[in-house]
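# Could you look at this predicted model? Sequence included:
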Amino acid sequence: MSKERPTIGTDGRALPTMPPERDARVWARLVRVMFYTPGFLALLLLKTGEPTSFGITVELLMLSSAAAVVGGLFVASESDGKGADHSSRTGVWSGSLVLELLSVVPFLCAVPPLFHELASSTLLHARAPDAVNVSLGASELLPMVAILPFMVYQLAGFGTLHFVVSRQVNWVINIAIFGLIIAGYVANRESAYGTERMLVGLLIVGVGATVLYGILKLRKMQTDFDLRSPHKEEK
């Protein structure tokens, strides 16, 4: 059974609420998934010549893949043994924050227009002469449903961001993410690619700034926790 963390510091004040300990091996496996899957899809679209309608989609997929590598670096730095410092103790948490916001969010943003292109692009597959063009209609929105469990993950306390910002700010950030993904997809379907690029750019800048703040905040919280946490005397 895991030991409970102390909640009151040596100075009598409350200690920072740190995220729970997480298995670095699980996050390392997720790094592989998030590196290969978006990267393969991006190469698939690049092979067709990258038409305007999914240019930003390729960039999002490449960002998702590259961010997974960075997240893996943070996860690999995790250490709680001899020589561990404040940074190494937050390696998995920082890596999970990178994966959650800079890898998963761009991937979720890219999936709806990606599905539309895979289903309708004549560059990816030629139509048979006698084929009937059937519109997918509202069913094209099915891949976007993946955003909903992600929102639950973030807002129900599973995500790392939950421990970095207040509950109100967490709601604002995730509602903004949801709104920008939807708005970007609508702009893509209306062929307003300039608007789509602006919305997606705003989304990525926002989550990037949040990740930077979160990593620095986690390290600051760990430093504060280590300095004020009551230490047990060695036997």
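That came through, no problem. Numbers count the residues shown, from 1 in each chain.

# could you point out the longest helix in the chain?
helix 193-228 (DSSP state H).

# What residues of that helix count as buried?
Buried residues in helix 193-228, counted by 16 or more other CB atoms under 10 Å: 196-197, 199-200, 203-204, 206-208, 210-211, 214-215, 217-219, 221-225, 228. C-beta: built from backbone N, CA, C; applies to glycine.

# where does the chain have low pLDDT?
Within the chain, the segments meeting pLDDT under 70 span 1-3, 47-54, 119-140, 231-235.

# Show me where it has its helices.
Taking DSSP H, the helices of the chain run over residues 24-47, 55-76, 91-98, 105-120, 147-155, 167-189, 193-228.

# so which of those helices comes closest to residue 16?
Ranking the helices of the chain by proximity to residue 16 (CB to CB) places helix 193-228 first, at 4.0 Å.

# Run a quick neighbour tally on the closest residue in space to residue 200 that isn't next to it in sequence.
Excluding its sequence neighbours, the residue lying closest to residue 200 (CB to CB, 6 or more residues apart in numbering) is residue 184, at 5.0 Å. A total of 27 residues lie near residue 184 under the criterion other CB atoms under 10 Å.

# ok, now residue 165?
16.

# Name the nearest residue to it, ignoring sequence neighbours.
The shortest distance from residue 165 to any non-neighbouring residue, by CB to CB, 6+ apart, is to residue 173 (7.0 Å).

# Go ahead and confirm the one you found touches residue 161.
Yes - contact criterion CB atoms under 8 Å: residue 173 and residue 161 qualify, at 6.9 Å.

# Counting neighbours around each, name which of these two comes out higher.
residue 161 (23 against 18).

# measure that one to residue 26 for me?
Residue 161 is 18 Å from residue 26, where distance means CB to CB, to the nearest Å.

# cool, and residue 148?
Counting by CB to CB, the gap from residue 148 to residue 26 is 22 Å.

# Equivalent analysis for residue 177, please.
With CB to CB as the criterion, residue 177 and residue 26 are 23 Å apart.

# More neighbours: the two, which one.
For residue 177 versus residue 26, neighbours defined as other CB under 10 Å are more numerous around residue 177 (22 against 12).

# Return the residues in contact with that one.
Counting by CB atoms under 8 Å, 6 or more residues apart in numbering, residue 177 makes contact with 105, 203, 206, 207.

# If we ignore the residues flanking it in sequence, what's nearest residue 78?
That would be residue 91: by CB to CB, 6+ apart, it lies 3.4 Å from residue 78.

# picking up where we left off before, okay, the helices of the chain, which one's buried deepest?
Highest mean neighbour count of the helices of the chain: helix 91-98, a mean of 26 (counted as mean count of other CB atoms under 10 Å).

# Off-centre distance for that helix?
10 Å (CA atoms, centre = their mean, to the nearest Å).

# Contacts for that helix, please.
Helix 91-98 is contacted by residues 18-19, 22, 24, 27, 31, 67, 70-79, 160-161, 163-164, 211, 214-215, 218-219 when judged by CB under 8 Å, 6+ apart.

# hang on, the earlier thing: return the residues in contact with the residue nearest to residue 200.
Counted by CB under 8 Å, 6+ apart, residue 184 has contacts 56, 109, 196, 199, 200, 203.
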